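1. Fold the following and give me the result.
(one chain, ligands or ions: 1)
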Amino acid sequence: MIPPLIAPSILAADFANLQRDVELLNRSEADWIHVDVMDGVFVPNISFGIPVCEAVNRHATKPLDVHLMIVQPERYVDAFARAGAANPDRPGTITVHLEACTHLYRTLTQIRETGCRAGVALNPHSPVELLADVLEEVDLILLMSVNPGFGGQSFIPHTLQKIRKLRRLLAASGQTAFIEVDGGVGNDNVAALVEAGADVLVAGSSVFRAADPAEAIHTLKQFGQTARPV
Ligand SMILES: O=C(CO)[C@@H](O)[C@H](O)COP(=O)(O)O
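-> Next comes the predicted model:
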């Protein structure tokens, strides 16, 4: 059985020891490094921007999974691609929010042209059916399982239904985008998420607040692997 991909979010890392924490992820079973960019407009919090992404990229050996929680993301896609998401040795993902894009189709095309996987994220209130006409342009669909803006929040259980619905939508259209879930992911829900059809799990607090983050990643993978449908 294939375990889910785990993308620890550096939003929960120690920013004063970012190199140490990125190197810890390099040595762990983490698959991608999730980079949460917040602008204080699209979400009520500011995290970090392009220079921090560049710094993470300098030390990372795993693909960057850049999640832009910003308005007008098309203005910054190329800069984040250059800052490490499009690293040719380990191409990553740039994800924009459906709710932040006036011309989503164009922005997804723009992301693919940088050499990155193109991702689209949905806030908890946005139905998965809104993606029906862009599925061919999408490599990854990120379902927010908390209201975006802060780490450490409680998982919204309705996300499980959305994952199942999205899995059916993808199957019916013959598309194979990754389904990623972001927010409140931990040992208590990883099996249910994988059973529902999630491929990639973002984990912030459950990794970086653990006594042993590498062990926490290993445990998430183990729990997910047992639950994964064959
Ligand atoms: O994008 C976000 C929050 O907006 C997430 O990536 C969180 O940072 C995940 O953190 P935890 O819920 O796992 O602490």
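
2. Residue of this protein closest to the ligand, please.
-> In the chain, no residue comes nearer to the ligand than G204, which is 2.8 Å away by C-beta to the nearest ligand atom. Placement of C-beta: from N, CA and C, glycine included.

3. Quick one: neighbours of that residue, just the number.
-> 25 (other C-beta atoms under 10 Å).

4. who touches it in this structure?
-> Going by C-beta atoms under 8 Å, 6 or more residues apart in numbering, G204 touches P8, S9, L11, A12, H34, D36, G151, G152.

5. How many residues are close by the fourth one?
-> As a burial measure, A12 scores 19 neighbours (other C-beta under 10 Å).

6. How about the first one?
-> Applying other C-beta under 10 Å, we find 31 other residues in the vicinity of P8.

7. Equivalent analysis for the second one, please.
-> Applying other C-beta under 10 Å, we find 24 residues neighbouring S9.

8. Please name the bridge partners of it.
-> When bridges are assigned using DSSP bridges, the partners listed for S9 are H34.

9. surely it meets M38?
-> No: the pair formed by S9 and M38 falls short of the contact definition of C-beta atoms under 8 Å, at 11.5 Å.

10. which residue packs closest to V202, ignoring adjacent ones?
-> Distances taken as C-beta to C-beta, 6 or more residues apart in numbering place D182 nearest to V202, at 4.0 Å, with adjacent residues excluded.

11. re the thing from before, and the ligand, which of the contacts of G204 reach it?
-> Within the set of the contacts of G204, contact with the ligand (C-beta under 6 Å from any ligand atom) is found for S9, L11, A12, H34, D36, G151, G152.
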